[in-house]
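Q: coordinates only, no sequence provided:
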């Protein structure tokens, strides 16, 4: 006959289980790693195409099309991951995540319109990288730990884009939206279940 489990060991196991359950309930964990990889691939292609027309109007069109493609990929893969995990987009953690994520994205859209209207296309890469990074830093407070780290990396690239001419800033867009999505997508896929 085996000896009984000491009560304090049993209590510690229960506390660990409760703490883990509370963390899962308070964080939005349906960030799609493989979706991020796919976005990284399409963004890398967009950066290569945009580099060829960096001083023409088509440059903005390429990046706007990429933003739409990336949003569709991210939304679709996030919905798949959430459905597999039984996570609702209407839960409190999901609502907090989306509000804090979309506020900087909406600001980026409005500033893009303004910058286009006044002819400051060269300021767009820094604006996009900085505000996209800010969206991940703020929404990362309600998500997995790697999300705000990704946001900081985007913001560092955005700071670099502030001082770069448009052709170099376009490369930074490729490094950010392409490279960072690939790297962090793989990390999320391997560490956080797809």
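A: That came through, no problem. Remember, it's a predicted structure, so these values are computed and weren't measured experimentally. Residues are numbered from 1 along each chain as shown.
Q: so which residue is dead centre in the chain?
A: residue 136 (5.5 Å; C-alpha atoms, centre = their mean).
Q: contacting residues for that residue?
A: 101, 147, 148, 150, 151, 154 (C-beta atoms under 8 Å, 6 or more residues apart in numbering). To be clear about C-beta, it is placed using only N, CA and C from the backbone, and glycine gets the same treatment.
Q: ok, and the most crowded of the residues you listed?
A: Neighbour counts for the contacts of residue 136 (other C-beta atoms under 10 Å) peak at residue 154, which has 26 neighbours.
Q: and the closest residue to that one other than its chain neighbours, how many residues sit next to it?
A: Ranked by C-beta to C-beta, 6 or more residues apart in numbering and with sequence neighbours excluded, the top spatial neighbour of residue 154 is residue 133, at 3.1 Å. For residue 133, the neighbour count with other C-beta under 10 Å is 24.
Q: please work out the average pLDDT along the helix or strand containing residue 133.
A: Assessed by DSSP states H and E, residue 133 sits inside helix 124-139. What helix 124-139 shows for mean pLDDT is 95.
Q: so how far is that helix off the chain centroid?
A: Taking the mean of its C-alpha atoms, helix 124-139 sits 9 Å from the chain's own mean (C-alpha atoms, centre = their mean, to the nearest Å).
Q: name the next helix or strand downstream of it, please.
A: Helix 124-139 is succeeded, C-terminally, by helix 146-162 (DSSP H and E).
Q: okay, now the unreliable bits of the chain?
A: 1-11, 15-28 (pLDDT under 70).
Q: run through the helices of this protein in chain order.
A: 7-26, 33-52, 58-85, 92-118, 124-139, 146-162, 166-173, 181-191 (DSSP state H).
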